[in-house]
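Asker: what's the 3D shape of this:
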Amino acid sequence: MAIPPGVTTCLVYKKAPVSFGGSSAKVHLEIIPSVRLIHTATGTPFADFVELVAPTEGALAQLVLPHTGQPGFQDEAGNAFTNWTYTANVKYEKGGVIKRIPPQSFQLAQSQTEVDLSLIPTGPAALPTSAPLATVTSVDGETGPVDLTTRYATYAQLARTPEVLISGPITRDGDGAPISAAVIWPDGTAGTFTGTPSAVLGALDGWSITYGDPVSRTYTQPAVTRNASGTVTNQPAITIS
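Answerer: From the prediction side, this is the model:
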């Protein structure tokens, strides 16, 4: 059965790599949705199967996925559900040698028609070392016409998936839930992740991530709502303080 009418989608793809010598390699793409859902209008179940795409050498790995913020879905308990996530696991292959890429967690806004996973960061950004930095006057890292609102919104989106920011050892509680770790933001600023463990073993009901040391702002994930089986049914927006 195809994706039912009324569900909006986005093309997600990963480009095949080439070696520094110019030869082609193969890309394997694995997409894992964060939840199981039901399309309310048609009753179509969307199961959290792992989607595997492994095209021929040098070809794109691509997949059409539903936008994550769209209405019209519910969980198996009948609660309306939006803002799920996908995790992409990627590996490259050339001559039998496998290179694995760190996992990428992402969401698909309804305004997006296609997403190149090669452009989504898998870890802290680094400044180039092949050219000197220009001397500039900046405000909070911004230069020219400053619009910190846009930047704060971008970082709030990153704060929804703290695993893309965490750098170094992770402290966990007795049930395996991550409760503290250092983070590095894309502009190189350090911060701290603090998790609030859930009654669901190994899971979190909320967290906060600081930006700066001393702290200049804090991104907080308010407590999520779970159903009787422990599945997240509502994830409030990140707050900034």
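
Asker: CA atoms for contacts and neighbours, from now on please.
Answerer: Noted.

Asker: where does Ala190 land on pLDDT?
Answerer: pLDDT recorded at Ala190 is 89.

Asker: Test of understanding: give the bridge partners of it.
Answerer: Beta-bridge pairing of Ala190 under DSSP bridges involves Ile184.

Asker: ditto for Thr171
Answerer: Ser180.

Asker: contacting residues for it?
Answerer: Going by Cα atoms under 8 Å, 6 or more residues apart in numbering, Thr171 touches Pro178, Ile179, Ser180, Ala181.

Asker: Backbone dihedrals for the first one, please?
Answerer: Dihedral pair for Pro178: phi -70, psi 120, per degrees, to the nearest 10.

Asker: Chain neighbours aside, what residue packs nearest to it?
Answerer: Arg172 (4.3 Å; Cα to Cα, 6 or more residues apart in numbering).

Asker: contacting residues for the one you found?
Answerer: Per Cα under 8 Å, 6+ apart, neighbours of Arg172: Pro178, Ile179, Ser180.

Asker: The last one: neighbour count?
Answerer: By the criterion of other Cα atoms under 10 Å, Ser180 has 20 neighbours.

Asker: shaky segments in this structure?
Answerer: Along the chain, segments meeting pLDDT under 70 span 1, 122-153.

Asker: tell me the domain boundaries of it?
Answerer: 9-119, 148-240 (automatic domain parsing).

Asker: My reading is that Gln157 lies in a helix. Confirm?
Answerer: Yes: according to DSSP: H, G, I helix; E, B strand; the rest coil, Gln157 belongs to a helix.

Asker: Look up how far Pro236 lies from it.
Answerer: 12 Å (Cα to Cα, to the nearest Å).

Asker: Could you do Leu165 as well?
Answerer: Applying Cα to Cα to Leu165 and Pro236 gives a distance of 20 Å.

Asker: again with Tyr86
Answerer: On the measure of Cα to Cα, Tyr86 and Pro236 end up 17 Å apart.

Asker: How about Glu76?
Answerer: For Glu76, the distance to Pro236 - Cα to Cα - is 19 Å.

Asker: Looking at those two now, which is surrounded by more residues?
Answerer: Using other Cα under 10 Å as the criterion, Glu76 and Pro236 rank with Glu76 on top: 17 against 14.

Asker: Return the distance of stretch 61-72 from the chain's centre.
Answerer: Offset of stretch 61-72 from its chain centre (Cα atoms, centre = their mean, to the nearest Å): 14 Å.

Asker: Any chance you could list what contacts that stretch?
Answerer: 7-16, 27-29, 39-41, 53-55, 80-85, 107-110.

Asker: Just the buried ones out of those residues, please.
Answerer: The neighbour-count test (16 or more other Cα atoms under 10 Å) applied to those identifies 8-16, 27-29, 39, 53, 80-85, 107-108 as buried.

Asker: Trp207 and Thr218 touch, don't they?
Answerer: No: using Cα atoms under 8 Å, Trp207 is not in contact with Thr218, being 10.3 Å away.

Asker: These two: which has the busier surroundings?
Answerer: Trp207 (23 against 20).
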